[in-house]
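Trainee: fold the stuff below for me.
(chains A, B and C)
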Amino acid sequence: MTARDIQLDQNGRLRHFLTTEGLSQQHLYEILDYAESFVGVADRAVKKVPLLRGKTVVNLFFEPSTRTRTTFELAAKRLSADVLNLDVSTSSATKGESLQDTLRTLEAMHCDMFVVRHANSGAAHFIARQVAPHVRVINGGDGRHAHPTQALLDLFTIRRHKPDIASLRVAIVGDVAHSRVARSEIHALNTLGAREVRVVGPRTLIPSEIEAMGVRVFHDVSQGLADVDVIIMLRLQRERMRSALLPSEHEYFHCYGLTQKRLRVARPDAIVMHPGPINRGVEIDSEVADGERSVILQQVSHGIAVRMAIMALIMGSVVPASAAED
Amino acid sequence: MTARDIQLDQNGRLRHFLTTEGLSQQHLYEILDYAESFVGVADRAVKKVPLLRGKTVVNLFFEPSTRTRTTFELAAKRLSADVLNLDVSTSSATKGESLQDTLRTLEAMHCDMFVVRHANSGAAHFIARQVAPHVRVINGGDGRHAHPTQALLDLFTIRRHKPDIASLRVAIVGDVAHSRVARSEIHALNTLGAREVRVVGPRTLIPSEIEAMGVRVFHDVSQGLADVDVIIMLRLQRERMRSALLPSEHEYFHCYGLTQKRLRVARPDAIVMHPGPINRGVEIDSEVADGERSVILQQVSHGIAVRMAIMALIMGSVVPASAAED
Amino acid sequence: MTARDIQLDQNGRLRHFLTTEGLSQQHLYEILDYAESFVGVADRAVKKVPLLRGKTVVNLFFEPSTRTRTTFELAAKRLSADVLNLDVSTSSATKGESLQDTLRTLEAMHCDMFVVRHANSGAAHFIARQVAPHVRVINGGDGRHAHPTQALLDLFTIRRHKPDIASLRVAIVGDVAHSRVARSEIHALNTLGAREVRVVGPRTLIPSEIEAMGVRVFHDVSQGLADVDVIIMLRLQRERMRSALLPSEHEYFHCYGLTQKRLRVARPDAIVMHPGPINRGVEIDSEVADGERSVILQQVSHGIAVRMAIMALIMGSVVPASAAED
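Mentor: All right, here's what the predicted structure looks like:
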């Protein structure tokens, strides 16, 4: 059974949201279009719609991540769902209990959706294969494999600024080797037919086989950014610094950090993105992060809208948010 | 003042829910009957009823237990209550503050219900004696003493499969000495007039005075399971292994673990129960836990319905859930 | 820019609530009067009003305090807000991220209000200066500087017992040097024109420059309490005991602890207050804490009403709670 099969129901509609790999243009555009109707919800006096009222969403976090949990918690609450935060990494609930028993137990409590975060690649797929038919699974990041909601919110932000995706050159810069965000973005951008997807970084942080995913590899940042429309900076995991992969933060910034000067080789209307949290002065200069080309905070805002759309979509609650007055 | 007095108001109605000891058949059936109306709530699109809207339920956990907290949290939220999780074991709120002052403070904040979990036997009773008249207390497990909501959800599950409780032989198997669940079940089953309640386990884990509670003691598991209608396996606290009470997990399973072979001496339609979490291969074989006689996951589902019923009942919100559309 | 400027919008209305210093009588009375309408909410069957429905309140706690967090969480939930508890002291969300980036991110998620608790004086002001125009900030206690919601709930409790504040002598007793509560109370009582504000305590715990705030200093407790209408006992931080500032708990109680005997020098109808949690037998005798002059638990109850009023007021939702049926 391929990843595509697990994500889709027998009618080809999204049932889980695990990866952007194998999703069709239609699936991606369905999410992006639906998310548009949730952007306006944030501007209302009452920022809630009743689409998931009476549903129970479980944040099943095997790897702690306050920021990611917060975005899903807010998205679920603004859909009027009840939210249960289970920090499985520290929970005594699961002592001596297998993962399958934990899942069975939560299902028996009539939980409707699991947002899964796990340090191991494939964990969300594994869980999606195990759950009962009524349960929905969202991948909130698994190992180095995928972080598909981040990819979708990035696509959403790109499309709002550059609607003609087929015309775009996109550069993904930094630690591509360890980035689940990069993998999910490459799949999605290629599916939507982006003109060119580049990955830019030192040899130690670019996997040798990555060209097979349909990207061009650059080790020189000036060449990599030349004439691009979109720059996606990746977060540098500081843990890598301790390994032999990187010399020092200072040297990394010297070679790959995004500065105003480097930005000049990109197209004049290029936008700068970053999944956050930012390491200022390591992968990006503050002048750029806070500058007029930066859309980093828009990404955060859109992240709530896109996650609301995905949650409502896979629960089968497809009503435009604008029509779903609370 | 006896436990019975504390639990009941002057009209003999349930005010707190602390123990099954001393409760009448009528009290037990009132809960079981009322819980029936909450089973259907879980199947609705909107799994909520407004019976406790505007009430504040406090999970007052002096002993951490994610699983038990989760069931009460879900039950309270599906009754539309606001839930406050106070992990008193780690909380700085109570530093240098007496338990009574903590209770007085929460009452002054107009909290309506305390779900108490404590490592010491009698803690929930102690708290119920302290609280203001408007406050309700539920015992979520105290020491080795009582775990009455677990007993009620077990009774509920038994009755759904075997409505004529007076005709039943029930075997409770394992570490009876340290089990608050066993104590609460024995009281409830005897009150409902079960034909025979047995406890089955090694001499080191069966208290010598237990026969006074109205049970038959078996040290041989084949004899103990012979012709029973219901088998309730207890969870083995792995901490016991380190003490002199038990030789090893392997030997325990060899002598008392529930296998398909052992199950054959019970009645052909016997059901198998376990309060969870399961130690597979220690107290129960996976083949049995996942087999057709197992009702373990039904216990989890019924646990939400039974806890909703108890919460609504003691708050005086006795309206059939089916009539309380949200 | 002064503190007053940051708290008020261009029309002179409360926008943040950071300190009682510089607030006018009108501002203080507006809060106190509005809070009256929330006292009744706690007596309703449904203790909720929809004034903050669809708003997101973030408890941004850089210093853990379960008790304070609980009061704000309850107040926000009873206003029907969604509440996000961020324990920033332990959160991985903020690893390597600046405070400003954390604030920008939460704003981009369309959070509406930050309740800030911080060990450093001035932290809430700093944050209020940083936030976007639509965001409101409440100071939940910053270092030794201010704890204005506590001061307001104390004023509210005083006024309910002694409406003519201009006629009152108020004694604040104990560790004034380290008390943010004392500072906030002194400003507010003087603004409302209290007849006399006294601080009473050992020389090591009374700042030498405190008379400039408009208080009379007493080192002898009998003189300090003579003829007062209101006694506000401060909590003794037991950490101070380890320093050279105080000899021992026993000796402190001997010199400054509030006993029935000491209470006799105050006016016969004097009320006794304490922000909690109480150290019984250290700063106050149990006989007094639980006695008929004590209004300590009323302070807790009023704390919810006053915080609801402040939250609703600064969000611009000024509708009497009694008119805002849920």
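Trainee: where does chain A have its least confident helix or strand?
Mentor: Counting by mean pLDDT, DSSP states H and E, chain A has its least confident helix or strand at helix A:239-242, which shows a mean of 64.
Trainee: can you get me a residue count around A:Ile304?
Mentor: 25 (other C-beta atoms under 10 Å in any protein chain shown). All C-beta atoms are positioned from the backbone trio N, CA, C, and that covers glycine.
Trainee: that one touches A:Ala42, doesn't it?
Mentor: Yes. Here A:Ile304 reaches A:Ala42: they are 6.7 Å apart, a contact under C-beta atoms under 8 Å.
Trainee: mutual contacts of these two, please.
Mentor: Residues touching both A:Ile304 and A:Ala42 (C-beta atoms under 8 Å, 6 or more residues apart in numbering or on different chains) are C:His110.
Trainee: longest helix in chain A, please.
Mentor: Across chain A, the longest stretch assigned as helix under DSSP state H is helix A:296-314.
Trainee: export it as CSV, just CAs?
Mentor: Coordinates of the C-alpha atoms in helix A:296-314 are reproduced here as CSV (Å, rounded to 0.1, in the frame of the first residue of the first chain):
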residue,chain,number,x,y,z
ILE,A,296,7.6,35.3,7.5
LEU,A,297,4.8,36.5,9.8
GLN,A,298,2.2,36.1,7.0
GLN,A,299,3.3,32.4,7.0
VAL,A,300,2.4,32.2,10.7
SER,A,301,-1.1,33.7,10.1
HIS,A,302,-1.8,31.6,7.1
GLY,A,303,-0.7,28.6,9.1
ILE,A,304,-3.8,28.8,11.2
ALA,A,305,-6.1,29.2,8.2
VAL,A,306,-4.5,26.4,6.3
ARG,A,307,-4.6,24.0,9.3
MET,A,308,-8.3,24.9,9.9
ALA,A,309,-9.0,24.1,6.2
ILE,A,310,-7.1,20.8,6.3
MET,A,311,-8.8,19.7,9.6
ALA,A,312,-12.3,20.6,8.3
LEU,A,313,-11.7,19.1,4.9
ILE,A,314,-10.6,15.7,6.1
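Trainee: do that helix and chain B meet?
Mentor: No. Residues of helix A:296-314 are not located near chain B by C-beta under 8 Å from any C-beta of the partner chain, the shortest gap being 13.4 Å.
Trainee: report the mean per-residue pLDDT for that helix.
Mentor: The average pLDDT for helix A:296-314 rounds to 97.
Trainee: buried stuff in that helix?
Mentor: Using 16 or more other C-beta atoms under 10 Å in any protein chain shown as the test for burial, helix A:296-314 gives A:296-314.
Trainee: now do stretch A:35-42
Mentor: Going by neighbour count (16+ other C-beta under 10 Å), the buried part of stretch A:35-42 is A:35-39, A:41-42.
Trainee: how near is the closest residue to chain C within the stretch 51-200 of chain A to B:Val265?
Mentor: Relative to chain C, the nearest point of the stretch 51-200 of chain A is A:Thr66 (3.5 Å; C-beta to the nearest C-beta). Per C-beta to C-beta, to the nearest Å, A:Thr66 is found 53 Å from B:Val265.
Trainee: do the same with A:Met315
Mentor: Note on A:Met315: its distance to B:Val265, by C-beta to C-beta, is 46 Å.
Trainee: tell me which of those two has more neighbours.
Mentor: Using other C-beta under 10 Å as the criterion, A:Met315 and B:Val265 rank with A:Met315 on top: 20 against 15.
Trainee: contacting residues for that one?
Mentor: Counting by C-beta under 8 Å, 6+ apart, A:Met315 has contacts A:51-52, A:55, A:112-113, A:136.
Trainee: burial count for the closest residue to chain C within chain A?
Mentor: Residue nearest to chain C within chain A (C-beta to the nearest C-beta): A:Val46, separated by 3.1 Å. Using other C-beta under 10 Å, A:Val46 has 15 neighbouring residues.
Trainee: my read is that it contacts C:Leu52, right?
Mentor: No. Between A:Val46 and C:Leu52 there is no contact under C-beta under 8 Å: 9.5 Å.
Trainee: near chain B, which residues of the stretch 101-250 of chain A show up?
Mentor: Within the stretch 101-250 of chain A, the positions lying close to chain B (C-beta under 8 Å from any C-beta) are A:101-102, A:104-105, A:107-111.
Trainee: drop anything exposed from those.
Mentor: Neighbour counting over these (16+ other C-beta under 10 Å) leaves A:101-102, A:104-105, A:107-111 as the buried ones.
Trainee: which two in those residues are spaced the farthest apart?
Mentor: A:Asp101 and A:His110 (16.6 Å; C-beta to C-beta).
Trainee: show me which residues of the host helix or strand of A:Ala124 are buried.
Mentor: Assigned by DSSP states H and E, A:Ala124 falls within helix A:123-130. By neighbour count on 16+ other C-beta under 10 Å, the buried set for helix A:123-130 is A:123-128.
Trainee: stretch A:50-70 now?
Mentor: Buried, per 16+ other C-beta under 10 Å, within stretch A:50-70: A:51-70.
Trainee: so does that stretch get close to chain B?
Mentor: Yes. Contact between stretch A:50-70 and chain B, assessed by C-beta under 8 Å from any C-beta, occurs at A:53-56.
Trainee: return the distance of that stretch from the chain's centre.
Mentor: Distance, stretch centre to chain centre, for stretch A:50-70: 15 Å (C-alpha atoms, centre = their mean, to the nearest Å).
Trainee: check stretch A:74-82 too.
Mentor: Put simply, stretch A:74-82 sits 19 Å off its chain's centre (C-alpha atoms, centre = their mean).
Trainee: with stretch A:153-168 instead?
Mentor: For stretch A:153-168 - counting by C-alpha atoms, centre = their mean - the centre lies 15 Å from the chain centre.
Trainee: what does that stretch contact?
Mentor: Residues lying outside stretch A:153-168 but in contact with it, judged by C-beta under 8 Å, 6+ apart, are A:28, A:32, A:35, A:170, A:181, A:185, A:188-189, A:192-196, A:229-230, A:232, A:271, A:273, A:275, A:295, A:298-299, A:302-303, A:305-307.
Trainee: what comes up buried for that stretch?
Mentor: A:153-159, A:161-162, A:165, A:168.
Trainee: what residues does chain A put near chain C?
Mentor: So chain A meets chain C at A:42, A:44-48, A:64-67, A:70-71, A:73-74, A:77-78, A:238, A:276-280, A:297-298, A:300-301, A:303-304, A:326 (C-beta under 8 Å from any C-beta).
Trainee: same list, the buried ones among the residues of the stretch 101-250 of chain A next to chain B, but as TSV with secondary structure and pLDDT please.
Mentor: Shown next, in TSV, are these (DSSP: H, G, I helix; E, B strand; the rest coil; pLDDT from 0 to 100):
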residue	secondary structure	pLDDT
A:Asp101	helix	91
A:Thr102	helix	90
A:Arg104	helix	94
A:Thr105	helix	94
A:Glu107	helix	95
A:Ala108	helix	95
A:Met109	coil	95
A:His110	coil	95
A:Cys111	coil	96
